[in-house]
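# Provided below for reference: sequence and predicted model.
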There are 2 protein chains.
Amino acid sequence: MKYRLLAPGPTPVPDRVLSVMARSIYHHRTPAFEKIFADCRKKLQWLYQTEHEVLTLSCSGTGAFEAVFQNFFSPGDVIINVGGGKFGERWGQMARVFGLEVVSVDAPWGQAADVDKVAHALTQHPEAKAVICVASETSTGARHPYEAIGALVKEKTGCLLVVDGITAVGVWDIKPERDGIDVLVTGSQKALMLPPGLAFLSVSDKAWRLQEKSKMPRYYFDLAKERKAQNTNQTAYTPAVSLMVGLQESLAMMQEEGLAKIFARHARMAKATRVAMKALNLELFPATPADSLTSVCMPAGLKPNAIYAGLRDRANITIAGGQDQLKGKIFRVAHMGYFDELDVFTLLSALEVILLQEGHAFTPGASIAAAMPILAEGFA
Amino acid sequence: MKYRLLAPGPTPVPDRVLSVMARSIYHHRTPAFEKIFADCRKKLQWLYQTEHEVLTLSCSGTGAFEAVFQNFFSPGDVIINVGGGKFGERWGQMARVFGLEVVSVDAPWGQAADVDKVAHALTQHPEAKAVICVASETSTGARHPYEAIGALVKEKTGCLLVVDGITAVGVWDIKPERDGIDVLVTGSQKALMLPPGLAFLSVSDKAWRLQEKSKMPRYYFDLAKERKAQNTNQTAYTPAVSLMVGLQESLAMMQEEGLAKIFARHARMAKATRVAMKALNLELFPATPADSLTSVCMPAGLKPNAIYAGLRDRANITIAGGQDQLKGKIFRVAHMGYFDELDVFTLLSALEVILLQEGHAFTPGASIAAAMPILAEGFA
């Protein structure tokens, strides 16, 4: 069977993007490159729906978070880290590595963060320099209430809200200014329909003011240096040029579709998938599911790896299993980026075949029937 | 005219590499990716001519140097930095940013490092934890005597030789064990014939022992974590997958040609270019030119930018000018990576046209005639 990538990142890259990246390489210190990057920078602000500067880094999303900790804080600073999954946990670990005092406000994996607990932590720690929150926790499929946290942080001078939007930007309507987000991070390999290798972050004026005061060693990820360079459509160090050529094309495709339609498509695919899973007698894992991926509990009676391995070995499909404490307990399917309604039908059909073969009880066709009225709205 | 990229990085990427990078994306947590990366890892050791582990990072060469300073040292450690150009200067600056005490042994830009001065610095600073040296200083075109420095450092327990081989690995015969190099850094966009976005470094056992003792905050560039992951053909964080698919292909091309032939080709192109410049009454800038690029003094009477801009505007060719203190004083042409004897003839012909148009005195055809006997050796 044809290979199908249905995991929550890397996600499929459109032919249009693949083919421009296969063009001969540009030298980055040329007007030709600067023209491409100028266009990308404008389009990134459009994608982010922000007036904040949006910087591009050649690294993964984890690298962009390293930039966050190196640029906006000093050793000994207190931050409040809102956990509830593998990525929330990672940012807390990383903050500790860079000498920050981390106040953890953790939800059980799969639950949304508790805003009251964050408010309490802010009261207990008026010295806190930031709240770190994951918008869409890819490891659990949960959406966290970053907007409510933004409302708490907004009025506090000298306290930032840093949001991991790696599987949120380009998926749903997330807006730095409106939502009170000072630093919003994303990566190339999710909704942006690109290979991994680039990361992006928007930076508010409040964050730039903290950047000036920060006393953390930094060089490759020095955002003041990048800001200066990128404002002339250059980068401080040699950038991943071919990915940036792809970026221009993927952002052009996103502009052709329009943000409203992109968000509606993701919402429709997510809603249809959730309804379909229930029709297959499967239980969703997160209490507040994000629109970027659907995370489903492994049904009782099946081997922990049965669905992941079945789709891989018998249908040539890559989805994702659970990580760390969720290993063998959930499976995760994505509807992010270059993904449409018919891809959802394809995924559900393949899943039904595997579930039947594995002996799970459900009515064949039930997921398709359940998803149909929702997905049909996408047929223009 | 057709576009031609003749600058010292990014360098041209072969069609074979561009086309595999245009294939649909692989998910990195799959056996298919692991097979590709396992093959790359073996081929990288072949390219590096080493038994040391060679790690791959998703960043530029500057990012790999950040990994060096974060992993092998602790704040307050003394290092000896051998400067003599923009990149040597950069590594010294970076070391200071990470709290190291830097003893600078600087040569005038364009001169080779003075080995006696390095020996003296090592005697004066027996506590030094490393000597940092650039093999091929891309900003000046000079080759530094890293082998002689390696002989000095080799016997010292607890002192490393770190070599910037960004425009040396894959250009000439550089060998970590033989040359006494503990950490050898390179980037994807030079002799490796790839777009920028990946960096590599080999690490000796002596360096790993220092890594264990190092007390520097690190996360994205944690080499112990990468070593553990890469030994299972994985990476700690999401890697630049498409560039790694390209890497497998470019390394396969290099293996088909063979290292001996690759080195001979670069040596031939460099030698021919040097002889040709003299035949055009042009003076080489560096006293000890590297085989990766040729750096030439701007002839008297021409505008500082005349050759760079002339080639750009009238022949659609990108070369490089001088940087920082060399701005307007030199121009630099590369013969690195996907570059052959006929490309040298092309470059020389274009250069002759521009020099004629600018009024520089020379015998038309002189560079071609001078280069011919040398380049003819490459006609099999």
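Noted; the coordinates are in hand.
# only C-alpha atoms from now on, for both contacts and neighbour counts.
Noted.
# now the helices for chain A?
Along chain A, counting by DSSP state H, helices occupy A:15-21, A:31-48, A:61-72, A:86-97, A:115-124, A:146-154, A:176-179, A:205-213, A:223-230, A:241-257, A:259-279, A:306-315, A:341-358, A:366-376.
# out of those, which comes closest to A:Thr294?
Of all those, helix A:259-279 sits nearest to A:Thr294, with 6.8 Å by CA to CA.
# show me how far the closest one is from its chain's centre.
Offset of helix A:259-279 from its chain centre (CA atoms, centre = their mean, to the nearest Å): 16 Å.
# stretch A:281-301 too?
In this view, stretch A:281-301 has its centroid 18 Å away from the chain centroid, taken as CA atoms, centre = their mean.
# just the C-alphas of that stretch, formatted as CSV.
Extracted in CSV, the C-alpha atoms of stretch A:281-301 (Å, rounded to 0.1, in the frame of the first residue of the first chain):
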residue,chain,number,x,y,z
ASN,A,281,-16.6,2.2,21.2
LEU,A,282,-13.2,3.8,21.8
GLU,A,283,-12.6,6.3,24.6
LEU,A,284,-10.8,9.7,24.1
PHE,A,285,-7.9,10.1,26.4
PRO,A,286,-7.9,13.9,27.1
ALA,A,287,-10.7,15.6,28.9
THR,A,288,-10.2,18.8,26.7
PRO,A,289,-9.0,17.5,23.3
ALA,A,290,-7.0,19.8,21.1
ASP,A,291,-7.9,20.2,17.4
SER,A,292,-4.4,19.2,16.3
LEU,A,293,-4.5,15.6,17.1
THR,A,294,-6.8,13.0,18.7
SER,A,295,-5.5,10.8,21.4
VAL,A,296,-7.5,7.6,22.1
CYS,A,297,-7.3,5.1,24.9
MET,A,298,-6.2,1.6,23.9
PRO,A,299,-9.3,-0.6,24.1
ALA,A,300,-9.3,-3.4,26.8
GLY,A,301,-8.4,-6.8,25.5
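# what comes up buried for that stretch?
By neighbour count on 16 or more other CA atoms under 10 Å in any protein chain shown, the buried set for stretch A:281-301 is A:282-286, A:288-299.
# let me see the contact set for the closest residue to A:Ser202 other than its chain neighbours.
Excluding its sequence neighbours, the residue lying closest to A:Ser202 (CA to CA, 6 or more residues apart in numbering or on different chains) is A:Val54, at 4.1 Å. By CA atoms under 8 Å, 6 or more residues apart in numbering or on different chains, the residues touching A:Val54 are A:Arg41, A:Leu44, A:Gln45, A:Tyr48, A:Phe200, A:Leu201, A:Ser202, A:Val203.
# from chain B, how far out is A:Val54?
Here the criterion is CA to the nearest CA, to the nearest Å. By it, A:Val54 lies 19 Å from chain B.
# now A:Ile368
Distance from A:Ile368 to chain B, counting by CA to the nearest CA: 27 Å.
# burial of that residue, as a residue count?
A:Ile368: 24 surrounding residues under other CA atoms under 10 Å in any protein chain shown.
# okay, it: pLDDT?
According to the prediction, A:Ile368 has pLDDT 94.
# swap in A:Ser139?
97.
# does it touch A:Gly322 like I think?
Yes: at 7.0 Å, A:Ser139 and A:Gly322 qualify as touching, with contact defined as CA atoms under 8 Å.
# the two: who's more crowded?
Taking other CA under 10 Å, A:Ser139 and A:Gly322 do not tie; A:Ser139 has more neighbours (25 against 21).
# so the more buried one versus chain B, what's the distance?
Distance, A:Ser139 to chain B, by CA to the nearest CA: 14 Å.
# distance of that residue relative to B:Leu347?
According to CA to CA, to the nearest Å, A:Ser139 stands 53 Å off from B:Leu347.
# who's in contact with the residue nearest to the spatial centre of chain A?
Nearest to the mean C-alpha position of chain A, by CA atoms, centre = their mean, lies A:Thr167 at 1.6 Å. Applying CA under 8 Å, 6+ apart to A:Thr167 gives the contacts A:Ala135, A:Ser136, A:Glu137, A:Thr138, A:Thr186, A:Lys190, A:Ala191, A:Ser292, A:Met336.
# mind listing the residues bridging to the third one?
Yep, that's A:Glu137 we're talking about. Applying DSSP bridges to A:Glu137 yields these beta-bridge partners: A:Ala142.
# contact residues of the stretch 151-300 of chain A facing chain B?
Contacts of the stretch 151-300 of chain A with chain B, taken as CA under 8 Å from any CA of the partner chain, map to A:195-197, A:217-220, A:237-242.
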